[in-house]
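S.K.: please find the sequence and the predicted model below.
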Amino acid sequence: MSGKPSNKASPRLAIAVLASGRGSNLQALIDACAAPDFPARIVLVLSNVPGAQALTRAEQAGIATAVINHKTLGSREAFDAAMRERLEASGAELVCLAGFMRILTPGFVAAFHDRLINIHPSLLPAFPGLHTHEREIAAGVRFAGCTVHYVRPEVDVGPIITQAAVPIHVGDTAETLAARVTETEHRIYPQAVRWIAEDRVRVEGAKVVIDGATSAPAIAINPEPTPRGSAD
Ligand code: GAR
């Protein structure tokens, strides 16, 4: 997948979504793409898990699906080669990882350089990897969050497109925090895809520049400062 296909049938960016499980971020992308003015369309949903809920969501939306089961392929390289072949055949110009729980080979990542994005449920580079929410609560940090970033060979590393900060409340469990973060993921992932599809996103070294985007106006403080004397 080098360069955009020259015979584009649609001006909307063709995206493929890779998902291993529940697929709630896929659903957010499906819902976004349903809007007539959204500049992207999903051409393929690919899963490594037969029966994943993400596949059902895609089928219900009339989107082509594929399963490439890593358990039936001999090696990581064979799995990635099979995925690459299927993605190239789909005509996808951008590949979105949405809860895709397989580590990708450097060769695969290189083949989709700056055309492969991921969503992760933390404010990267903090808390890469699994069990993010448990670790955030245990560490006592005041903000959790989520990040959409370009994929590099290292896990949960790469130029950051957008982030959202989500406060951690007293008494949060991993489940209550995850629910709040997931809801926020559903807002930022379609937004990131929209910016890319509008051709407003440039990777400059380790950073991403988004043409015409403005930074968040407010500083968030958690816990909220209490006015002097209010605890009396
Ligand atoms: C999401 O929270 C996503 O950020 C996370 O998996 C979840 C998938 O949920 N991804 C990672 O942890 C990748 N490092 P979903 O299947 O409902 O979209």
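M.R.: On my side now, so go ahead.

S.K.: ok, residues contacting stretch 173-182?
M.R.: Residues from elsewhere that reach stretch 173-182 (Cβ atoms under 8 Å, 6 or more residues apart in numbering): 24-25, 121, 131, 133-134, 136-137, 144-146, 166, 168-169. Any C-beta I mention is one placed from the backbone N, CA and C, and that applies to glycine too.

S.K.: I misspoke; the intended subject was stretch 222-232.
M.R.: The contact list for stretch 222-232, computed with Cβ under 8 Å, 6+ apart, reads 142-143, 167-168.

S.K.: ok, and the most crowded of the residues you listed?
M.R.: In terms of neighbour count, Ile168 stands highest of the contacts of stretch 222-232 at 22 neighbours, by other Cβ atoms under 10 Å.

S.K.: now do the contacts for that one.
M.R.: Contacts of Ile168 (Cβ under 8 Å, 6+ apart): 136-137, 141-144, 177, 222.

S.K.: for those, which ChimeraX command selects only the ones that are buried?
M.R.: A single ChimeraX command selects the buried members of the contacts of Ile168 (16 or more other Cβ atoms under 10 Å):
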select :136,137,141,143,144,177
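
S.K.: from the contacts of Ile168, which are also near the ligand?
M.R.: Checked against the ligand using Cβ under 6 Å from any ligand atom, those yield no neighbours at all.

S.K.: and the closest residue to Gly212 other than its chain neighbours, how many residues sit next to it?
M.R.: Setting aside the residues directly before and after it, Gly212 is nearest to Arg200 in space (Cβ to Cβ, 6 or more residues apart in numbering), at 6.2 Å. By other Cβ under 10 Å, 13 other residues sit near Arg200.

S.K.: where do the helices sit along the protein?
M.R.: 24-33, 53-60, 76-90, 106-111, 132-139, 174-197 (DSSP state H).

S.K.: what would these look like in TSV with mean pLDDT and distance to Leu97?
M.R.: As requested, those are exported to TSV (pLDDT from 0 to 100; distance: least, Cβ to Cβ, whole Å):
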stretch	mean pLDDT	distance to Leu97
helix 24-33	98	9
helix 53-60	98	11
helix 76-90	96	11
helix 106-111	97	11
helix 132-139	98	15
helix 174-197	98	10
